[in-house]
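> Sequence below, structure please.
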Amino acid sequence: MTLTSAETTDGALLEGRGQKLIKSASIGERAAAQALVEEETILARENVQRALGLLDVPSWSEVRWEGLMGRVYGLGLDEEQQAFLGLVLSMVGIGHVPLAAVSDLGERRLAVMLRAVARLAGNNTLAVGTRI
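Now for the predicted structure:
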């Protein structure tokens with residue numbers, strides 16, 4: 001499959017915004033930011049990027065996690081994406097999603113969440129391809 005220039009540009013923009021999200025996150029927020037970047041589909045949505053403040057013109061701005069929390073149910077996410085996003089937001093202390101929500105996640109998102117929890121606990125040794 002060959003990517004069009006628009007798809008290549010969109011991919012580069014998303015990667016740049018993902019890196020901006022990780023760099024601008026506080027230490028406590030970094031695991032959540034990395035989880036969103038790894039998950040890919042949620043962060044690829046323009047309304048999610050806007051809610052987080054990633055579409056702002058300044059090259060450095062604060063991540064607006066609260067802005068995202070207020071819009072979770074209006075973002076057009078499916079149930080699994082909502083569960084994943086709820087768990088990510090819980091990692092930064094916003095919202096009250098029970099850990100039991102992991103039962104709503106597919107294998108790929110569950111692996112991303114497990115790595116994020118390990119990072120949150122201070123274990124940064126799990127590689128992206130690590131099977132848990």
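> Help me confirm that residue 112 comes into contact with residue 31.
No: at 10.7 Å, residue 112 does not count as touching residue 31 under the criterion of Cβ atoms under 8 Å. Yep, even glycine has a C-beta here, placed from its N, CA and C like the rest.
> In the chain, which residue is most central in space?
Taking Cα atoms, centre = their mean as the criterion, residue 36 is the residue nearest the geometric centre of the chain, at 1.4 Å.
> quick one: pLDDT of the closest residue to that one other than its chain neighbours?
The shortest distance from residue 36 to any residue other than its chain neighbours is 4.9 Å, reached at residue 43 (Cβ to Cβ, 6 or more residues apart in numbering). With respect to pLDDT, residue 43 scores 91.
> Neighbours of residue 122, how many?
Other residues within reach of residue 122 by the criterion other Cβ atoms under 10 Å amount to 8.
> Following element in sequence after the helix or strand of the chain with the lowest mean pLDDT, please.
Least confident element among the helices and strands of the chain, by mean pLDDT, DSSP states H and E: helix 5-24 (a mean of 64). Scanning the chain past helix 5-24 towards its C-terminal end, the next helix or strand to appear is helix 27-39 (assignment: DSSP states H and E).
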